[in-house]
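Colleague: return atomic coordinates for the entry below.
(3 chains, ligands or ions: 3)
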Amino acid sequence: MYDITGYHEADSLATIFKIIKADPKAKVIAGGTDVLVKARERKQDFIATQLIGITRIPEMQGITMAEDGTLSIGALSTFKQVEKDPLVQQYIPMLGEAVALVGGPQTRHVGTIGGNICNGATSADSAPTLFTYNAILEIHSEAGVKNVPIADFYKGAGWVDLEPGEILVRIKIAKADYEGYLGHYTKFAQRKALDIANLSCATLIKMAPDQTIADLRICFGVAAPTPIRMPQAEAFAKGQAINDATLKTIGKYCLADTNTRNSWRASKEYRDHLVQIIPARNILAALKEDQ
Amino acid sequence: MNQTIEFTLNGETMHYSVDVRQSLLELLRDELALTGTKEGCGVGECGACTVIVDGETVDSCIYLAVWADGKTLTTVEGLAAEDGSLSDVQTAYVQDGAVQCGFCIPGMVLSSTQFLEDNPTPTRPEIKRALSGNMCRCTGYQKIVDAVADVAEKRQENADIAPVKFTRHA
Amino acid sequence: MAKNNVIGKTEQRWDAIAKVKGQAKFTADFPINHKLHAKILRSTIAHGYVTAYDITEAEQMPGVVKIFLPEDLPQNKFGTAGHPWSMVPAKRDIEDRTLLTRHVRVYGDDIACVVAKTELEAIRALEKIKVTYEKYPVYLTPKAAMADNARRIHEERDNVIADTSVGYGDVAKELKAADYVIKEHFHTPMQQHVHMENQVAVAWQSEDQRWTCISSTQIPYICRRIIGQAVGIPWSQIRVQKPFIGGGFGNKQEVIIEPLVVALSMACGGRPVEMNLTREESIAYTRTRHAIDYDLAVGVNKDGSITAIDCNVYSNQGGYASHGHAIGGKGGTFINALYKTESLRYAAKTIYTNVATAGAMRGYGIPQVMFALESIMDDAAEKIGMDPIDFRIQNRRPEGFLNTLSHVQQFNFKIDKCLEKGREAFHWDEKLQDSLKYKTGSKRRGVGVAGFSYGSGTYPFGLETAGARLTLMPDASFKLMLGATEIGQGADTAFSQMAADTIGVGYDKIIRDAMSDTDIDPFDTGSYASRQTYITGFAVQEAAEKMKQKILKRASEMYDIRPEYMDIVDGNIVYSHNDQKIADLADFAMSSFYDMEHGRAIVAESSVNIHNNSYASGCTLAQVEVDIETGQIELLSVMNVHDSGKIINPILAEGQVDGGMAMGIAYGLSEGVRYNEAGKPLNNNLMDYKIPTTMDLPDLDHTFVESEDPLGPYGNKSLGENPLCSPAAAIRNAVKNATGVAINSNPLASQHVFEQLKQAHVI
Ligand SMILES: Cc1cc2nc3c(=O)[nH]c(=O)nc-3n(C[C@H](O)[C@H](O)[C@H](O)COP(=O)(O)OP(=O)(O)OC[C@H]3O[C@@H](n4cnc5c(N)ncnc54)[C@H](O)[C@@H]3O)c2cc1C
Ligand code: FES
Ligand code: FES
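Modeller: Residues are numbered from 1 along each chain as shown, chains lettered A, B, ... in the order given. Ligands and ions are numbered 1, 2, ... in the order given. Coordinates of the predicted model:
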């Protein structure tokens, strides 16, 4: 038995806003794979509260492409839906590959991409990828709609820019942010399934016709309290040819840009070591997958 | 704190007033006495509580009972034919020695069953990935993966898996 | 010995159908009315004393029936190890716990208990209990707990609870005489059983005013005794029932929650009380495999002979004695079983600390000692430039060797055959060659081998008794009743095959029951030490032989033929000289019940006390690929080879080997309970405690060196625990072969490997 005080199945965004207005502490629940686990662990804010189920709200479903090529992913898309979606597979395959690494099949059948982002974990498997695609989060509230770049959304460990009554409805990726890019995601964990990343890294690369790097985007998970882009490495890479020296230097800049932590799951020394080698491996893997 | 929901469980339509605090696992085990579904962790990590909801496996321990509203559910009790004879997946588990203590088995069999619906011609790595949300401590998964591969092969050959005969106990 | 071709055949386990259908009932599946729920309040420190409780708020919580402090329940001291009771006080397990305690010795110690109407209400009330502690220093390692000024964890005895030394010859002299001396330190982790079904028990007062406890236990009879001792009532007043159990692996060879559940039911007017441990509790607060440190020295000559093995052992017992020194103290015998040496010294200490109590776990001390032994032997072979398989074969004990450390004669001991067969079947030489191609670059390959030896039961150290009862049914089926416990390993199926074979009927004529019941089934100490098919096999054999003789004697009355002229073959009574049918056994059986003149139902019973032991052996061969930049290890292929005598049922035996290998591989690569400095467990959930998923294991390969063991009841010897004794060392040796770096502490998780490679300047 979950220690909750009530459950509402919302049929529209308006219903959610109404319930939260009356009870600001009421908790939104999508797939529940974070919420219900925290409720079992008796975490504050997840017990002795009402839950509002949102999985039946129409405008939060489905993956579509607008006329201008912008991809729009409903926040309620499950990991499985994202992985299997033809648009994802064609235009942003790295996202599909990343979410295919979440938990086990059962987790992916129920867990949503919206929940993954709103949960705010630095280890979230969809986050680094969405950072490199410069995803825009479409957030609705009674006051209206705001579009927030994902990098601004993450505020700290488990802390995102979401007030009570604000709902992530869709995740958008502009054409310019995926067209011509190749990507690879590495989840560094101890097991090949049912594991949380000790470090993760999404790498998106666009090559110029002269075989130099036109654009490189790198985002790490678990290398800081939030997923984090690598501005120095990315700036350096522009115009460089891909060779050992370039890859090494990218690694060095990544070390400078990250802020890893010592924890019993992995030491700072080890994470710092991996931070320097994984982007290079990702770049090579991305280019290889293209061949 | 009850809500009345309607769902199809192992082919039967149910109207049921459920406590909203209940997990689907608790509804099945404590209310409906379907104890074939097991609990090994209660937090979505072991897969012992796997059931099929609308053609997808879920961990019923972290799935609210009210969410079953309007859905079609299959538990391990719903796999055998009406006369009690085993499905081909169940049969293969029995014949290939995939069953030891049996605690993970209901979840495993359900994951296997749904997976073979979705992917009738799987590779061995695909089978392993499909079962990666179901933990087993007895078998090392070897004979479980064998059993699933066996069913896929036999279905492709269109051959029947001989129904399990066990004169007395069957 | 096998007679009727039922032994040695793959028979389908009788319970598999119930299990795939969800019919099989485990402890939590029984409908019990008006059940109450109990939850333990667990200490949030690892060492200290509860000076005060405040339960005023908790008592007011809805649904609370009663809150129990240590003083509210019986105060008898008891031990929890699943050993047979000893008539000799000095040989008994240490009795060092009470049902609840104020004196905290481990994090999560049982300091109070709530009984409530629902589990959620119990949990809510627990959170309202306020506790004040006096804190003591926390000792996580044997070294810390053995320090001069260390506080006693139990006032009654020193932290070193046992200190023994066995061996022969002059180790110091022989080490000096050797061409080379190899000295190394090894450390093994605290593996946890992680049986998929957590501990669960329910108890109530039955109609006869006694106490019934249904529990997920490997040892119903021992459980009955320990409940009696802890609660302070005669053992006859307790009835323990064991239904299907979702794995045990030794953790349920320990009586952990049953005494408390019975005591709580008593204190709640006999109402049913259930306790269902969570996964978090089961991993952190039940039992673990002992973490053991070894200081090993081996003297080896250039010709490959071994002059000395010197071993100092420090076994981390955790907060309570449980199985105690039986585990750390055992290794010397099995070192001695494997290797010829001029001298041997095995000195072992078992030490209380403030980590989780260590108890029995599949392998019972042998996976630890084999990790150390088979690592150092590999290094010895390398030192003298000898092939590791040849080195082991050269130094094997000869057939019939009398192991003076246990007084067991090693008949039919085939480690050499295992190694030879493994070399071939695994394609060792080819894989060794293949690995040579991967000695530069980031991915390095290597192969490794390790052997082991294991006993069949506990004789001569422990009592080995078992019983069996067979009842003839009117259709010539036989009900087989045993106190032995099926815990998933398939023992029931093997016993049924044995009974069928000896009586002379088909396997499907034997009927077993999932439920073991101390009121009904013959006495047996339970499932552990890989004793069941060996020891209980003798009991089944004797009961089946008696049954057969009773049938033939009665048949002699009925058919007027001397009994010695008759036999039972394929379910018929026949002339033994030509198999000519005399009567259908089913017709006979019907008459045995209902014939006016001859009708007297037939029951045969046995109870045996076995004074022999057959040592089994085997080995693991492994090939790995090490990513030297990240420390990640990929196990490319792995094979176990087993010398376990006659294989009673091949498919079940393979299943045992698969499961044991998986556990052994994970022991080498990923598992271990971790603590912070305050002794708080860090990874007690299935996400952080890394048992393998389907995707983390390669295909598991195995083969057997089969033989008829001259002592085993059906030519069989142990197999259940054996498969996990050698994988960890084989993997460690393969990683050494791949990288040149010998890593002497498990598990070889990527960060650990990275650190070791870095230290060795490979990275
Ligand atoms: C066994 C297991 C394994 C897991 N493995 C992984 C893994 O490998 N990688 C990984 O990244 N995660 C993993 N997770 C975590 C979890 O599955 C994901 O974070 C998942 O994406 C959460 O989605 P959900 O729909 O279940 O979210 P919920 O649990 O329903 O919600 C999560 C949080 O987001 C809020 N929320 C949800 N949707 C919205 C919305 N649209 N608008 C506003 N707020 C919202 C909720 O209020 C809550 O705070 C695992 C979980 C489990 C149980
Ligand atoms: S009990 Fe549901 S996943 Fe373990
Ligand atoms: S058969 Fe025991 S856990 Fe899978």
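Colleague: mind listing what C:Ala494 touches?
Modeller: By C-beta atoms under 8 Å, 6 or more residues apart in numbering or on different chains, the contact list for C:Ala494 reads C:Thr533, C:Gly537, C:Ile648, C:Asn649, C:Leu652. Placement of C-beta: from N, CA and C, glycine included.
Colleague: mean confidence for the helix or strand hosting it?
Modeller: Take DSSP states H and E as the rule and C:Ala494 turns out to sit in helix C:491-503. For helix C:491-503, the mean per-residue pLDDT is 95.
Colleague: which other residues reach the very next helix or strand once past that helix?
Modeller: Next along the chain after helix C:491-503, taking DSSP H and E as the criterion, comes strand C:510-511. When contacts are defined by C-beta under 8 Å, 6+ apart, strand C:510-511 is touched by residues B:Arg168, C:Met473, C:Ser477, C:Phe478, C:Lys479, C:Leu480, C:Phe495, C:Ser496, C:Gln497, C:Ala499, C:Ala500.
Colleague: the residues you listed: which two are farthest apart?
Modeller: By the measure C-beta to C-beta, C:Met473 and C:Gln497 form the most distant pair in these, at 18.1 Å.
Colleague: between those two, which is the more surrounded one?
Modeller: Comparing C:Met473 with C:Gln497 by other C-beta atoms under 10 Å in any protein chain shown, the one with more neighbours is C:Gln497, at 26 against 18.
Colleague: in which helix or strand does the nearest residue to the more buried one once chain neighbours are set aside reside?
Modeller: Nearest residue to C:Gln497 in three dimensions, chain neighbours excluded: C:Val6, at 4.9 Å (C-beta to C-beta, 6 or more residues apart in numbering or on different chains). Counting by DSSP H and E, there is no helix or strand that carries C:Val6.
Colleague: and if you look at A:Glu67?
Modeller: Here A:Glu67 is assigned to no helix or strand, by DSSP H and E.
Colleague: could you check how far A:Ile248 is from A:Leu274?
Modeller: Just to correct that, residue A:248 is Lys rather than Ile. 14 Å (C-beta to C-beta, to the nearest Å).
Colleague: looking at these two now, which is surrounded by more residues?
Modeller: The residue with more neighbours, out of A:Lys248 and A:Leu274, is A:Leu274; 30 against 13, by other C-beta under 10 Å.
Colleague: that's a helix at that one, yeah?
Modeller: Yes. The assignment for A:Leu274 (DSSP: H, G, I helix; E, B strand; the rest coil) places it in a helix.
Colleague: mind listing what it touches?
Modeller: Applying C-beta under 8 Å, 6+ apart, the residues near A:Leu274 are A:Phe188, A:Leu199, C:Thr630.
Colleague: what's the nearest residue in chain A when you look at chain C?
Modeller: In chain A, the residue that lies nearest chain C is A:Lys192 (3.8 Å; C-beta to the nearest C-beta).
Colleague: my bad, chain B
Modeller: For chain B, C-beta to the nearest C-beta, closest residue to chain C: B:Gly36, 2.0 Å.
Colleague: now, among the contacts of A:Leu274, which is nearest to C:Asn276?
Modeller: Using C-beta to C-beta, these come closest to C:Asn276 at A:Phe188, 35.5 Å.
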